[in-house]
Structure formats: structure tokens, C-alpha cells
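[1] Model the following, please.
(2 chains)
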Amino acid sequence: EAGVTQSPTHLIKTRGQQATLRCSPISGHTSVYWYQQALGLGLQFLLWYDEGEERNRGNFPPRFSGRQFPNYSSELNVNALELEDSALYLCASSTGQGARDEQFFGPGTRLTVL
Amino acid sequence: QKEVEQNSGPLSVPEGAIASLNCTYSDRGSQSFFWYRQYSGKSPELIMFIYSNGDKEDGRFTAQLNKASQYVSLLIRDSQPSDSATYLCAVTYDYKLSFGAGTTVTVRA
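    Just a heads-up that it's a prediction; the model follows:
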């Protein structure tokens, strides 16, 4: 069974540009989560989508947004990129059956903002 | 106060020894507790989850949960060089998974 996939693997942008990151969950999973892992800051929760709806959001500015498509894949958009947005962005998926969900991570997208 | 705190590392143990990792959390309503392993440059890999007080064993790994003390731990028995990684404690509350900063474990041959 295929795991969570993410694209692209690496992304290089300049300040002020927009970045789009993509995620495909494990087959049968309806929930997709996005996390940011910046150097020295650990994993920070960004967004949670389930059944096409945004269910929860972390402490990030509105320029971090996303959506979930009918096939449960998801997109994370980061507008007006800043240098501190450079990080590994991880997507995870789960069955969406409640707070006991086990989340499985994709390989991540390394975003570098110059 | 951080939601999830882990004992600071790095933790160095000899091959074959027991590695003990600790984690405390702040939200009493937390419902699910996970341990992830992350190798350098890789994404986190789920290795254990526990929901109820007590111990849960899976191979060389044992997770322990004490909700009254808001404490969860991971023991790695018979540590191997391949266990060298950063271990992340994660706690679910209100459908959000909060991670600790991680403890880096080095198993020396």
C-alpha cells in the first residue's frame, strides 16, 4: 500500500513569491494535516483538513492557507514568502475517526526562501 | 509553558543497553499519545501509540502512560545502532497533535 506522497521534494522561492505544496494521503484516509518543521523549532501544527473542510488551524498567519480536494488530496499555499518560512513542510494523513487517530507522515517538501 | 516537553538530550547509550525517554504534557484532556522516530533528513515514523494508563509493549519498545502525572515514556531495550535517531513525543488534544522538541538518541557500538 502506498504511503503519503508529497510534491515537490524541494522548492526554492524568493521573498514575496507564493509557494504551492501538494500532498496525497494514504488510500482510505480522509484527514490531511500539515506541519512545519523549521530548524531548531520542532514540528508545528499548521492545518487540518477532513472531508474537504478546514477543521483546525495552528498559530500561523493567514498567508498560510490550503484546501482539500474531493479525492482527499491537499494543497498548502504560502503567500508573500518570508525568509523564516524556510523549513521542511510535512503532510500527514489519518482515517479521520477521531482524537485517537494515528497520523502517518509523507517525506516532506523542503522549502527554501532566498 | 510548552504543551509537550521532553527530556533534553542528546542521550548516549551503549549497544545492548536500555534507552529511557520521558515526556510530560500540559493538557489534562489529552487523549492519545504517540512516539515517532525521525532519522536525520527524514520524516517522522510512528513507532508506538498508547491511549490507556499502564504499559504497552511492542517488540523492543515499551510505552508507559500515567495520566494522573501527565507523563508518558518510551523504553528501548537492547538498543541497536539503528535506533540512533531523534524521538518525538506527540500528544493529541482537541484534534490537534502537539509535538515535543524531541530527544536525540545515539547508540554507541
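
[2] ok, B:Met48 - how many residues close by?
    Look at B:Met48: counted by other C-beta atoms under 10 Å in any protein chain shown, it has 19 neighbours. For the C-beta atoms, the positions are set from N, CA and C on the backbone; glycine is no exception.

[3] list the contacts for it?
    If you count contacts by C-beta atoms under 8 Å, 6 or more residues apart in numbering or on different chains, B:Met48 has them with B:34-35, B:56, B:58, B:61, B:63, B:74.

[4] For chain A, tell me which of these show up nearby.
    The residues of the contacts of B:Met48 that also fall near chain A, by C-beta under 8 Å from any C-beta of the partner chain, are B:Phe34.

[5] so how many other residues sit close to B:Ser73?
    The number of residues packed near B:Ser73 is 20, by other C-beta under 10 Å.

[6] nope, B:Asp83 is what I meant
    That count, for B:Asp83 with other C-beta under 10 Å as the rule, works out to 19.

[7] Tell me the bridge partners for residue 36.
    All of this refers to chain A. Under DSSP bridges, the beta-bridge partners of A:Gln36 are A:Gln44, A:Tyr89.

[8] let's do chain B instead
    In this structure, B:Tyr36 has beta-bridge partners B:Leu46, B:Leu88, where bridges are defined by DSSP bridges.

[9] I'd say it and B:Leu97 touch.
    No. With contacts defined as C-beta atoms under 8 Å, B:Tyr36 does not count as touching B:Leu97, sitting 9.8 Å away.

[10] overlap in contacts of these two?
    In terms of C-beta under 8 Å, 6+ apart, B:Tyr36 and B:Leu97 are both contacted by the residues B:Ala90.

[11] Which other helices and strands does the least confident helix or strand in chain B by mean pLDDT contact?
    When the helices and strands of chain B are scored by mean pLDDT, DSSP states H and E, strand B:96-99 comes last with a mean of 87. For strand B:96-99, the elements it packs on are strand A:42-50, strand B:85-93, judged by 3 or more C-beta pairs under 8 Å, 6 or more residues apart in numbering or on different chains; DSSP states H and E.

[12] What is the first one packed up against?
    What that stands for is strand A:42-50. Contacting strand A:42-50 under the criterion 3+ C-beta pairs under 8 Å, 6+ apart are the following elements: strand A:31-38, strand A:53-57, strand A:64-68, strand A:74-78, strand B:85-93, strand B:96-99.
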